Structures are given as C-alpha cells and as structure tokens.
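# okay, here's the prediction I keep looking at, along with the sequence it came from:
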Amino acid sequence: MSVVASLIPIIRCVELPPMFSNLRRHLPSIRTMFGSPHPERDDILAYLGAGVACRLLFDPGLMRDVVTSGVRLPPRLTQSEDPVPPTVVLTDGAWCWLGADLYYFATYHVRLPLAFIDHARARLWSIDPSLIDAANLSCEAMFQ
C-alpha cells in the first residue's frame, strides 16, 4: 500500500479557491498578502508554470479575478508549450498551487512563503516531472 504525501499550499487565503471560501473564513484575505515584485520573479513564475498537474478544479470562480471585480483571468497563464489554465492544481512534489496563483503572483505580487522560494531555488528553479507520482500526493490542505 502506498503512502499518500500531503502537499503544502503556497497561498492560503479565504478567496482561493472561490468555491471553498465559505469553509475558509478563518484564513486571511489575499489582499493582506500583496507585496512588491520579488527580485526572482521570473524564476518563480517559470517554476510555478513548470509544475506537474495533480488535480483539476471545476470552479468557475477561478476564471475571475477575486480582487478586482469584473476582470477575467486569461484562459492560459503561461506562454510556454504547455499553457497553464487557472483551474489546474500543480505541484513540485512537496508544494502545491493553483494555476490561478501564477496570475496573483504576477499581477498583485502576492508574497509566497520563503520556505517555498528557498525550496525552488535549491532545486535550481527546475521541476523533474519523472520524480513526481501525482497519484500518491494529496492537495487537500488547499481546501481547508
């Protein structure tokens, strides 16, 4: 029997994902997480975009900006060969994030955990998909 590893969400806020916001009232608002552009912004965005898909959320709220009313997120959040939709949950095998998190990091400079940034930097901003067994990973912490 395989052991399921729990992934750590990079952003934990009441608004994301929207369909779980009523269960997440104990978390801070994403508005309290705004910061300045990170000096390693491009490396972080590339790393986030290279994550391995481990779940798809059928949450139409992920297609709308939860900060600015009336703004829709682009249907694909990277310009790479494998564009990232806002509704996918991605992982590097230790951390997890929503495709939409790329938008909030790039647009509002949402501060990410230093432990995550150190982790990604230690991996030289590279994710090896062959080392990730998404079937034995849980992203349930993202929804609590």
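On my side now, so go ahead.

# what is the end-to-end distance of stretch 131-142?
Distance between the two ends of stretch 131-142: 22 Å, counting by Cα to Cα, to the nearest Å.

# in that stretch, which residues are buried?
I132, A134, L137, C139, M142 (16 or more other Cβ atoms under 10 Å). C-beta: built from backbone N, CA, C; applies to glycine.

# next one: the lowest-mean-pLDDT helix or strand in the chain to chain centre, how far?
Here the helix or strand of the chain ranked lowest by mean pLDDT, DSSP states H and E is strand 5-6, holding a mean of 90. Computed by Cα atoms, centre = their mean, to the nearest Å, the chain-centroid distance of strand 5-6 equals 16 Å.

# so what are the sheet partners of the helix or strand just after it and their directions?
Per DSSP states H and E, the first helix or strand lying C-terminal to strand 5-6 is strand 8-9. Using DSSP bridges, the strands paired with strand 8-9 are strand 95-98 (parallel).

# burial measure for the spatially closest residue to V71 that is not a sequence neighbour, as a count.
Distances taken as Cβ to Cβ, 6 or more residues apart in numbering put D65 closest to V71, at 3.9 Å, once the chain neighbours are dropped. Using other Cβ atoms under 10 Å, D65 has 17 neighbouring residues.

# I'd like to know how far the residue nearest the centre of the chain sits from V3.
Ranked by distance to the mean C-alpha position of the chain (Cα atoms, centre = their mean), the top residue is W97 at 2.2 Å. When distance is defined by Cβ to Cβ, to the nearest Å, W97 is 22 Å away from V3.

# please report phi then psi for Y108.
In terms of degrees, to the nearest 10, the main-chain angles of Y108 are phi -110, psi 0.

# N22 too?
When read as degrees, to the nearest 10, the backbone of N22 gives phi -70, psi -30.

# residues near it, how many?
For N22, the tally of surrounding residues (other Cβ under 10 Å) stands at 8.

# no further queries at this time; thank you.
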